[in-house]
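# Sharing a sequence plus its predicted fold:
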Amino acid sequence: MIEVQNYTGHFISMWKNSSESIPFFPKQYDSGEKKERETRFELIQQQMQAFQKQANVRKLKQTKPESIFFPMFRTFLQDVFDFEPDQLSIILSDQFKHVSRDFFYAARKFGPELTPENIYQGLRNVWIMNGLQLMLDKPVEITPSVFAYSMIYPYSDNLLDDPSISPEEKKEFSLRFYDRLRGEKAEATTFTESQLFKLVGMFETQFDRNRYPEVYESLLAIHKAQTESLKLVNTGLLNQSEILRICFEKGGTSVLADGYLVAGKLTQQQERALMGYGIYLQLLDDIQDAKEDAAAQTTTACSKLTGGSMERFVNRTVFFGRTALEEMKNFGTNDNNVFLNLMNKSIETMIIESVGLNYAGYSREYLSLMEKHSPLHFDFVRQKRSQSKSHRLAMFRKIFEQSAQYESSLAF
C-alpha cells in the first residue's frame, strides 16, 4: 500500500521547517546585461516570426523545419536565459525532440477535437515523464501509459472546469471514473468519458493489474486527491492546515502516478522523492496562478496571501524545493545531478518571473531584490507575456505541422 499520508506529513514538516528569508541565487544581472539579453530576445523573436510566415514556410519543403527552429531555440535558451551546455544537451537532445513530435501526432489522431492548447497541456506532463524515464535509465519514448496519462489531463480538466456541467453530474462522473480505474465495469455516458475510459484501457495494455497493483493504487491516489481538491472551489470553510494537506496530496500524487506509469515498480524512497517533486511543481503552479485563482475564488496554498505573507511563501517555496530535490539525487541508477540542476534552474527561473508578472502582490523592495536575479527587466517580461502564450502555441503548432508535411512528402 502506498503511504501517501505519511509522505504528505513528511513534506508538510519539511515545509514548516523551510526558511522564509530571501534565498541566495547564484547569478545577478545589472541593467546593461538585461538590455543586451532583451535585444537578443527581440532578434530571436523576429526570426521566429519570420519563420512562421507562410511564404517562408513554403521554402522548407526540402528540409526539416526543426533544423531551423531548434538552433534558434538553443541560442534563445543559452544567450537569454543562461542555460549551460550540459543542460541544453538534455533539453535539445534528439530523443526529447522526437517524443514531443510523436505525442503531437498521436494526440491529434486520438482526439482530433482537441485544440493545440489542450495538446500543449498534455505535452507538459509528457516532459515530466520523459525526465523520469531519463532518471530511471528507461528509454525516453511515448509508451501507451505516457500517452494515456498525459491525455487524461486535458479531457478531465475540460470536464471538471465546464460550468455547464452541474456539481452533481461531476460527482457522478467521478464515481464512474473511480470504478473504471479499479477495473470494474463502468458505462461511459458522454464522449469525454468514453475517451477517458479508452485511456485507462491503454494503461491495462502495458501494466497487468495483478502484476502491477501499485500502478493502479497510484492512479486511485491521484483520483482521490483530485476529488478532495474540489473542496477548494468556492469555499471558506477549510483551515490553512487542511488546505495545505489537500494541495500537497494533489501535487504529490500526480507525479507519483507519473513515476509508476514510467517504471511499473518503485521503492519507498522513490515514492517519497516523487511526492516531493510533485509538491514543488504544485507550489510553482500556485505561485504562477495566484491572481487567477483568487479571482476565480479557488483556494490554493497561497491564493489568499498578500504583501509580506506572499513574499515569505515564495521564499519558503524556493528553500522547500531545493531540499525536496535533494531526495531525488539517489532516485535512479544514473548520475542525475545535471538533470536535477536543470529542473531546479527552470523552476526557480519561473518563480522569479512570476513575481515580476504578479507585481501587485509584492512590495517594491521585494520586487527590486528579485529582479536582480532575472536576466530580463520585469517591465520587459510583462510586455512580452501578453504575446508569449499565443506565440508559443503558434510556434509549437507550426513546427509539428510542417514536420508532418515534410514527412508526408517523403512517401510520394
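Good, I have the coordinates.

# so residue 107 makes contact with residue 119?
Yes: the criterion here is Cβ atoms under 8 Å, and residue 107 meets it with residue 119 at 4.7 Å. Where C-beta positions appear, they are placed from N, C-alpha and C, glycine not excepted.

# Could you report the neighbour count for residue 335?
Residue 335: 9 surrounding residues under other Cβ atoms under 10 Å.

# Against residue 322, how distant is it?
19 Å (Cβ to Cβ, to the nearest Å).

# and what of residue 140?
From residue 140 to residue 322 the distance is 26 Å (Cβ to Cβ).

# you'd agree residue 323 is in a strand?
No: Residue 323: not assigned to a strand; according to DSSP: H, G, I helix; E, B strand; the rest coil it is helix.

# so what's it up against?
By Cβ atoms under 8 Å, 6 or more residues apart in numbering, the contact set of residue 323 is 14, 18.

# Point out where the stretch 201-350 of the chain drops to low pLDDT.
Across the stretch 201-350 of the chain, the ranges flagged by pLDDT under 70 are 234-236, 333-334.

# Give me the residue at the spatial middle of this protein.
The structure's the chain has its C-alpha centroid closest to residue 124; by Cα atoms, centre = their mean the separation is 4.7 Å.

# Secondary structure element for residue 355, which one?
According to DSSP states H and E, residue 355 maps onto helix 337-357.

# Residues contacting that helix, please?
25, 81, 83, 86-87, 90-91, 131, 134-135, 277, 280-281, 284, 287-288, 314, 317-318, 321-322, 325, 328-329, 362, 366-367, 370-371, 373-374, 378, 381-382, 385.

# still on that earlier bit, more neighbours: residue 140 and residue 322, which one.
residue 140 (18 against 15).

# Am I right that that one is in contact with residue 96?
Yes: contact criterion Cβ under 8 Å: residue 140 and residue 96 qualify, at 6.5 Å.

# Overlap of the contact sets of those two?
residue 130.

# Quick one: distance of the one helix or strand residue 285 maps to to the chain centre.
Element membership of residue 285 [criterion: DSSP H and E] is helix 268-288. Centre-to-centre, helix 268-288 and its host chain are 11 Å apart (Cα atoms, centre = their mean, to the nearest Å).

# same thing with stretch 106-116?
Stretch 106-116 has its C-alpha centroid displaced from the chain centroid by 19 Å (Cα atoms, centre = their mean).

# Check stretch 33-53 too.
With Cα atoms, centre = their mean as the basis, stretch 33-53 stands 25 Å off its chain's centre.

# For that stretch, buried residues please.
The neighbour-count check on stretch 33-53 (16 or more other Cβ atoms under 10 Å) flags 34, 37-38, 40-41, 44-45, 48, 51-52 as buried.

# Count the neighbours of the closest residue to residue 385 other than its chain neighbours for me.
Leaving out its chain neighbours, the residue that sits closest to residue 385 by Cβ to Cβ, 6 or more residues apart in numbering is residue 357, at 5.9 Å. Here the number of neighbours of residue 357 (other Cβ under 10 Å) works out to 16.

# Now do residue 357, the pLDDT please.
pLDDT, residue 357: 92.

# Next: residue 7.
97.

# With residue 409 instead?
Looking at residue 409, its pLDDT is 39.

# again with residue 412
The model's pLDDT for residue 412 equals 34.

# and residue 312, what does it touch?
Counting by Cβ under 8 Å, 6+ apart, residue 312 has contacts residue 20.

# measure the residue nearest to residue 385 to residue 128 for me?
As judged by Cβ to Cβ, residue 357 and residue 128 stand 22 Å apart.

# Repeat that for residue 169.
To residue 128, residue 169 is 30 Å away according to Cβ to Cβ.

# Mind checking which of these two has more residues around it?
More crowded of residue 169 and residue 128, by other Cβ under 10 Å: residue 128, with 21 against 14.

# If I look at the more buried one, what pLDDT would I see?
If you check residue 128, the pLDDT there is 92.

# Please apply the same query to residue 73.
83.

# Over to residue 403?
On the pLDDT scale, residue 403 gets 47.

# Same question for residue 388.
Value for residue 388, per-residue pLDDT: 61.

# With residue 54 instead?
The model's pLDDT for residue 54 equals 53.

# and if you look at residue 96?
So residue 96 comes in at 81 (pLDDT).

# For it, grab the count of nearby residues.
Residue 96: 16 neighbours (other Cβ under 10 Å).

# thinking again about what came up before, among the contacts of helix 337-357, which are in helices?
Of the contacts of helix 337-357, the ones assigned to helices by DSSP state H are 86-87, 90-91, 131, 134-135, 277, 280-281, 284, 287-288, 314, 317-318, 321-322, 325, 366-367, 370-371, 378, 381-382, 385.

# And the buried ones among those, selectable in PyMOL?
In PyMOL syntax, the buried subset of the ones in helices among the contacts of helix 337-357 is picked out as below (16+ other Cβ under 10 Å):
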select buried, resi 87+90+91+131+134+135+277+280+281+284+287+288+314+317+318+321+325+366+370+371+378+381
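
# Residue 371 versus residue 273, what's the distance?
33 Å.

# do the same with residue 134
Counting by Cβ to Cβ, the gap from residue 134 to residue 371 is 33 Å.

# before we move on, back to that, starting from the helix holding residue 285, tell me the next helix or strand along the chain.
Note on helix 268-288: by DSSP H and E, the next helix or strand toward the C-terminus is helix 290-295.

# Mind listing residues that contact that following helix?
By Cβ under 8 Å, 6+ apart, the list of residues contacting helix 290-295 reads 286, 299-300, 302-305, 310, 358, 360-361.

# 10 Å - rerun?
232-233, 285-286, 289, 298-306, 310, 313-314, 354, 357-358, 360-361 (Cβ atoms under 10 Å, 6 or more residues apart in numbering).

# And it, how far out from the chain middle?
What separates the centre of helix 290-295 from the centre of its chain is 18 Å, taken as Cα atoms, centre = their mean.

# Would you mark the buried spots in that helix?
290, 293-294.

# could I get it in PDB with only the CA atoms?
Only the C-alpha atoms of helix 290-295 are listed here, as PDB (Å, rounded to 0.1, in the frame of the first residue of the first chain):
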ATOM      1  CA  ALA A 290      -2.200  33.200  -7.600                       C
ATOM      2  CA  LYS A 291      -4.000  36.200  -9.200                       C
ATOM      3  CA  GLU A 292      -6.300  34.000 -11.400                       C
ATOM      4  CA  ASP A 293      -7.100  31.600  -8.500                       C
ATOM      5  CA  ALA A 294      -8.100  34.500  -6.300                       C
ATOM      6  CA  ALA A 295     -10.300  36.000  -9.000                       C
END
